[in-house]
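Engineer: Predicted model and sequence follow; I will ask about them next.
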Amino acid sequence: MELDEAFRFIGSKGPLKVGWYHILLYALLVFYNCWIIGFQLMGMIFIGHVPKNYQCTPPDGFFTNDTTPVLDETTELDKCHMYEVQDGIVTQNITECLYGWDYERIIGETSIVTDFNLVCGDAIYAKIAQSVFMVGVLAGSVTSGQISDFFGRKIVLHIALVLKAVSGVIMALLWDYNALVASWFFVGVFNQAIQISSYVMMTEMFPPEIRTISTPLVSLIWGLAVSSVVPIALLFPNWRHYQIFISVICLIGVPLWWLTPESARWLISRGQIEEAEEILKKMAKFNGIKIPNSFLSDDKEIPLNEDIIEPSNKGHDGENEGEVHQQYYLLRAVTK
């Protein structure tokens, strides 16, 4: 039996001819692919957020307006310079910010910009940190597919989930800029590994006619997932709390390891036919379908249950064009 035909047979009783097992597994993989990934990718907007208004922190005993100069020919306050204070007197000497910055906070939000004062002359470092994260995403794109081809989709997906949780929590706890950027790189690597492996599993679990629906549907769900980033960021305005939250939820993959099957298509490509058959048997049992033993290596016909037989169309000569739907689900191609 060819694998796509096996999927058709196993899902012959379910909605859209895919079966409830596939639907539930698809929902889990979509959660990984859209929400887990979206929280991290779109979260960089909040993690690297630059406040609209900020001024130099004045020395003790003075207010911001006392020590902040006004830019020439404007009424805008200078964000990067201050009047120097000597012997308790504000002079007209302009210097760089000596005591840090005061940031406008609407709901108490923080970011790596406010934590490390990445403004004015150091503003480039916030962009560098975000770029390093995207370099990690690129590295994950290049390597994770090849690794999953060798070790399997399931193991790469779940290891990436655990490692992203660990590296994400470490990133949230770091107060050294260089160490934070390094950890953000690995977050990007593991984040993309989750996306690649989960998406590949989604494409490999359906026959071609269903795949044309299931894969574009991910793009629509992605929009919903991305829109949910905003309420999460409002709930956790401190970027460190936000990062810990979106990292810890990756650990949902640990208990689901035993419920998530390996890709049957990958197993067959590695010559592990019996293991693939065991997975398909579990799918069929969950969907209420009976299948014979060693069906992937057998060139045989498997009768359909009467309650799932579809009426066939009549040809011009009165003969049934779809006789196979009345009697058998003909499974001819032998898996090589």
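Structural biologist: Great, that's in hand. Residues are numbered from 1 along each chain as shown.
Engineer: Let me see the domain layout of the protein.
Structural biologist: 18-50+121-260, 54-104 (automatic domain parsing).
Engineer: For Glu5, which of those is the nearest?
Structural biologist: Minimum separation from Glu5 across those (Cβ to Cβ) falls at domain 18-50+121-260, 7.5 Å. Quick note: C-beta positions are derived from backbone N, CA and C, even for glycine.
Engineer: what's the distance between that closest one and the middle of its chain?
Structural biologist: For domain 18-50+121-260, the separation from the chain centroid amounts to 3 Å (computed by Cα atoms, centre = their mean, to the nearest Å).
Engineer: tell me the mean pLDDT for that domain?
Structural biologist: For domain 18-50+121-260, mean pLDDT is 92.
Engineer: start to end distance for that domain?
Structural biologist: End-to-end span of domain 18-50+121-260 (Cα to Cα, to the nearest Å): 17 Å.
Engineer: Does anything pack onto the longest strand seen in the chain? Which helices or strands?
Structural biologist: In the chain, taking DSSP state E as the definition, the longest strand is strand 89-96. In terms of contacts (3 or more Cβ pairs under 8 Å, 6 or more residues apart in numbering; DSSP states H and E), strand 89-96 is packed against strand 81-86.
Engineer: hang on, isn't Tyr103 packed against Pro51?
Structural biologist: Yes. With contact defined as Cβ atoms under 8 Å, Tyr103 reaches Pro51; the gap is 4.5 Å.
Engineer: before we move on, back to that, which neighbours does the longest strand of the chain have in its sheet, and in what orientation?
Structural biologist: Sheet pairing of strand 89-96 (DSSP bridges) gives strand 81-86 (antiparallel).
Engineer: returning to that earlier point: mutual contacts of Tyr103 and Pro51, please.
Structural biologist: Residues within reach of Tyr103 and of Pro51 at once, by Cβ atoms under 8 Å, 6 or more residues apart in numbering, are Thr114.
Engineer: Strands along the protein, start to end?
Structural biologist: Listed in chain order, the strands of the chain (DSSP E) span 54-56, 81-86, 89-96, 101-103, 301-303, 328-330.
Engineer: quick revisit: which of the domains of the chain sits most buried?
Structural biologist: domain 18-50+121-260 (a mean of 18; mean count of other Cβ atoms under 10 Å).
Engineer: Once you drop chain neighbours, what's closest to Phe62?
Structural biologist: Leaving aside its sequence neighbours, Phe62 sits nearest to Val85 (Cβ to Cβ, 6 or more residues apart in numbering; 6.6 Å).
Engineer: Could you verify my assumption that that neighbour touches Thr57?
Structural biologist: No. Val85 is not in contact with Thr57 according to Cβ under 8 Å; the separation is 11.8 Å.
Engineer: Any chance of TSV for the domains of the chain, columns distance to Ala6?
Structural biologist: Shown next, in TSV, are those (distance: least, Cβ to Cβ, whole Å):
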stretch	distance to Ala6
domain 18-50+121-260	9
domain 54-104	59
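Engineer: between those, which gets nearest to Glu277?
Structural biologist: That would be domain 18-50+121-260 among these, by Cβ to Cβ, at 15.0 Å.
Engineer: Over to the nearest residue to Lys282 once chain neighbours are set aside: give its phi and psi.
Structural biologist: Once flanking residues are discounted, Lys282 sits nearest to Pro261: 7.0 Å by Cβ to Cβ, 6+ apart. Dihedral pair for Pro261: phi -80, psi 160, per degrees, to the nearest 10.
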